[in-house]
Each structure stands twice: as structure tokens, then as C-alpha cells.
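Undergrad: Could you work out the structure for the sequence below:
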Amino acid sequence: MDQFPRISVLIPCYNEEKTVAKVVSDFRDALPSATVFVFDNNSTDATVECAQTAGAIVRSEKRQGKGNVVRRMFSDIDADIYIIVDGDATYDASAAPEIVRRMLDEGLDFLNCVRVTELEAAYRPGHKFGNLMFTGMVRSIFGTEINDMLSGYKGLSKRFVKSFPALSQGFETETELAVHALELRMPIGELRTSYFDRPDGSESKLSTFRDGWRILRTVARLIRDERPLAFFSVMSALAAIVSLAFGLPVVYAFMKTGLVLKFPTAILAASLMMISMLSLVAGLILDTTTRGRREMKRLHYLSFPSIHAELMRRAKDGPRTVVAAERKGVAR
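TA: I've put the predicted structure just below:
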């Protein structure tokens, strides 16, 4: 049995005929031992033909949206190391060997490529602001190990990919990928890579406001699902503050006159305080449930061997060793 790490480059594409051939060629040159897959998402141009001509294995996903494509890619492809990259030729393929080397040497399950560019045109102002805002939100809640959450260039291990639930449909899948790694406290690394402007004739599929709103909803949902005590405590505090704002004048008037002068306001204040208490109790209950669910997710993640363990197993089963593979430039 071959103990070489099986590397797959996964390229989700929608109408990228201008760039996909270059992306496929660049990654085939950078990683000759890797298999390059292009997953087409209902393209209406020559994306499929260009990818096939460049030497990629082309598959398709009919459900529209990057999240749906990621779900299909992770379900269908079996490898030891996955490199996922957008098909718009904005990412540096020459960094791919370093991604593989880092993942092998450090035993990483998630390596995020931080985009570095001096070109103003490479980043739309709205996209740059949104990335900073959403990354900051996730860092403040889940962990500070990721600095460019919405980067479309990542290295992933098999046990990350096969334990990832992939619930999103669109570009918000990048948020899910980051939170999955942070929540399970996987070995995480980052690599600064060059980021280029799109070639002439190529247009971004990311909508600043529509996809920004979807990412914001995803962040809120993940906070609710993974940090329910914090989420419902905030809801409880807001309801309590509003309740006190309405109720204190009523209590003050009652203490002075002995009469409830604003009965509807008193009912509203009492109802809001009850909602506040119920939200807090819901947060406490859900927090216990979430801990159990997180333990099960962690156990499922650990059911897959690490990269090092898998390669060592293959080295014992086969005549060649991992060291020999590295000397030939396959593993690194």
C-alpha cells in the first residue's frame, strides 16, 4: 500500500473560463503528485472545457452556492491532505508545497492562507471591511488563531474534512470552516501568501451586501449554537434593561402614592423581566446540551487518524518509507 500522502486540490468554480485553466496548470506544476479536481457549479460558459483541457478532473454540483459545492467535494473526495482554492487566479499556487510541508511537519489539521497584497484593486473596500469585522467577531468569541477568516485558500486534513458538517449553502461556508477548527481546538496554522487582482474579464461572484448579510447571520447562528449561554445571557440582559427602564418609574410612583398609575406599563415591565429570566434559564440548559454535543463532535473527529499516524501505518505496510518519499520531493 502506498504510504505517500494523497493530496487533492479542490477548486470550486462558477463561470471561471477566463481563469480556471491557469489555476489548474499552476497547481499541477506546483504539486505534480496531487490530483486536481474542479467542481463546476452550473457554469454557463466554457469553464468545464477549459478545466478539462488543463488536465483537471471535472465534477459537478447542481445546487447553487459555494457551501453546497464544498459539501459535495468533501463527501466525494478521499485524500490525506486537501488544498481548497478559488478558481479566480487570485491565489498563489507556488505556496502549495509550503502548505503541504507545514501540514506534514507540524501535524496541522487546518492551515489558513492569509492574503497579502499591495494592490488596492485586489480588495473591494466593502469586502476588506467586512472581512476585518467578521474575523474580529469570530476571534473575540471562538479564538484568536485565525486572522483572515474569509480567505478562499486553505489546507485541510482528512479528519477535518470528514468531521466537518458543511451546513451552509453560500460563501458563509468559510465562516463555518474556521469555527469548526476553533471549536474542536484542532492544530491550526497560518501562512502568509500573495493575493492578486482578478485578470481582465473576470468578475467576483461575491455580493458585498447580500453575502455580507448571510455571513453575519451565520456568525450569529454559530454563536447561538456553540455559545448558547453567552448568546442568551445577552438576550436576557437586554430584556432586563428594557424591563427596568419601563418598570422603575412605575415602582417609584407606587412608593410615593401607593397607586399603580400605569398598569399596562407595569404588565409590560413584568413580562419583559420574565422573558429575561426564561432566556437565562434557556441559556444554562442549552449550554449543558452543547457541551455534550461538542464532546461527540470531538470524538468523531478523533476517530480519523492524524496525518502522521496514517503515514506511519502505511510505512509499516509498504516497502518504502516516508523519509524516502520526502527525498523524492513528493511529501514536501
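
Undergrad: Which stretches in the stretch 151-300 of the chain count as strands?
TA: 154-157, 188-194 (DSSP state E, counting those that start in this stretch).

Undergrad: Tell me which strands the last one pairs with, and in which orientation.
TA: Taking DSSP bridges as the criterion, strand 188-194 sits next to strand 110-116 (parallel) in its sheet.

Undergrad: roughly how far out does the strand it pairs with sit from the chain middle?
TA: 12 Å (Cα atoms, centre = their mean, to the nearest Å).

Undergrad: Same question for stretch 28-39.
TA: 22 Å.

Undergrad: which regions of the stretch 151-300 of the chain sit below the pLDDT cut-off?
TA: 201-205, 207 (pLDDT under 70).

Undergrad: winner for burial among the strands of the stretch 151-300 of the chain?
TA: The highest average neighbour count among the strands of the stretch 151-300 of the chain, using mean count of other Cβ atoms under 10 Å, belongs to strand 154-157 at a mean of 26. No exception for glycine: its C-beta is placed from N, CA and C like everyone else's.

Undergrad: Which among the strands of the stretch 151-300 of the chain is found nearest to D88?
TA: With Cβ to Cβ as the criterion, D88 lies closest to strand 188-194 of the strands of the stretch 151-300 of the chain, at 14.0 Å.

Undergrad: So in terms of bridging, what pairs with I11?
TA: Those that pair with I11 in a beta bridge, by DSSP bridges, are V38.

Undergrad: circling back: turn the strands of the stretch 151-300 of the chain into a markdown table, including distance to F142.
TA: Formatted as a markdown table, the strands of the stretch 151-300 of the chain follow (distance: least, Cβ to Cβ, whole Å):
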| stretch | distance to F142 |
| --- | --- |
| strand 154-157 | 16 |
| strand 188-194 | 11 |
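
Undergrad: Quick one: closest of the ones you listed to T19.
TA: strand 188-194 (15.6 Å).

Undergrad: List the buried residues in the top helix by length along the chain.
TA: Secondary structure of the chain read by DSSP state H shows that its longest helix is helix 263-302. The neighbour-count check on helix 263-302 (16 or more other Cβ atoms under 10 Å) flags 266, 268-269, 272-273, 275-276, 279-280, 282-283, 286-287, 290, 297, 301 as buried.
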